[in-house]
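*Asks:* Quick one: sequence and predicted model below, then my questions.
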Amino acid sequence: MSTGSLGQGLSCGLGLALAGRLSSLNYYVYVLMGDGELNEGQVWEAAFCGAKYKVSNLIAICDRNRLQIDGPTEEVMPLEKLKDKWEAFNWNVLEVDGHNILELDAAIIEAKNFKKGPSIIIAHTIKGKGIDFMENNASWHGKCPTEEEYQMAKKQMAGDHND
Amino acid sequence: MIKISQRVAYGEALVELGRENESIVVLDADLSCSTQTAFFAQEFPDRFFNVGIAEANMISMAGGSPLGI
C-alpha cells in the first residue's frame, strides 16, 4: 500500500497491525518511511498510539539518508537525536547500515521477536549510493535522469554487481 | 415518544450495531464522553481505541485497518 510521502504511512500501518491482532491473524506490518517524512506531526501521533497499544507486530524502517528535498535534514528541520526521540516514545529502536542486507535481516528478526511494543529500524543509507554523480546529492531527491545519465548510472550499477 | 439527546442516540445505536456486527471497531479522539462512544467502549473494550487528540492519525488508522482482515 502506498500512502505517499506525507506521514500517513505509519498510521495506516498501525491500523493494519491492530486489525490483524483483533482478527488473531499472525502477520507483521512493515512501514518504510523517509527521514524527511518524520517532519510530519502525524508520524508522532502514530508513534504515541503504537506504543500505547503495544503494537508489536508493527515494524517501521526509516531510510536515514539525511537528505530531503531542500537539502540536509539537519538544516531543513533537525531530527537528531533521532534514536532518543523514538526511545522516548517507548519504541524499540534498532540502528543498522541500510546497505548491509545481513544487518537489516538480523534487525528485522530482532524486531519480530520483540513483543513488548512496536519497533523502528533506523537504516543509515547514502542517497544514490554507487552512482558517483548522484551520491549524497539532494538535487536527485525526485528528479528523472536524462537518457545519457541513465545509461551512465546503469553502467556504474552493473560494475557494482560484478564486485 | 421518548426524547433523548442526539449523542446518546448515536452512542446507543453504535452499541446495537456492535452487537450485530463483530467487525465494527470504534476509534475515538478523546471525545468518548462528548460523542457517547463511551457506551461502546464499555461494552466492547477490545474493539475501542482512544487515540488521544490526534484526528489525522485516527483517520489514517481507519483507512489502513480494513486491509488487515
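*Replies:* Yep, it's here.

*Asks:* In space, not sequence, find me the middle residue of chain A.
*Replies:* Centroid-nearest residue in chain A: A:Cys62, 2.0 Å away (criterion: CA atoms, centre = their mean).

*Asks:* Mind pulling up the pLDDT for it?
*Replies:* A:Cys62 carries a pLDDT score of 98 in this model.

*Asks:* pretty sure it contacts A:Met33?
*Replies:* Yes. Between A:Cys62 and A:Met33 there is a contact at 5.1 Å, judged by CB atoms under 8 Å. Where C-beta positions appear, they are placed from N, C-alpha and C, glycine not excepted.

*Asks:* before we move on, the earlier item: check the gap between the residue nearest to the centre of chain A and chain B for me.
*Replies:* Note on A:Cys62: its distance to chain B, by CB to the nearest CB, to the nearest Å, is 17 Å.

*Asks:* Secondary structure class of that residue, three-state.
*Replies:* Recorded secondary structure, A:Cys62: strand (DSSP: H, G, I helix; E, B strand; the rest coil).

*Asks:* which ones are touching residue 38?
*Replies:* Went with chain A since none was named. Taking CB atoms under 8 Å, 6 or more residues apart in numbering or on different chains as the criterion, A:Leu38 is in contact with A:Gly7, A:Cys62, A:Leu79, A:Leu82.

*Asks:* wait, I meant chain B there
*Replies:* B:Gly11, B:Ser32.

*Asks:* Okay, strands next: where are they in chain A?
*Replies:* In chain A, the segments counted as strands under DSSP state E are A:29-34, A:58-64, A:67-68, A:71-72, A:92-97, A:119-124.

*Asks:* Nearest to B:Pro66, out of these?
*Replies:* With CB to CB as the criterion, B:Pro66 lies closest to strand A:29-34 of the strands of chain A, at 13.5 Å.
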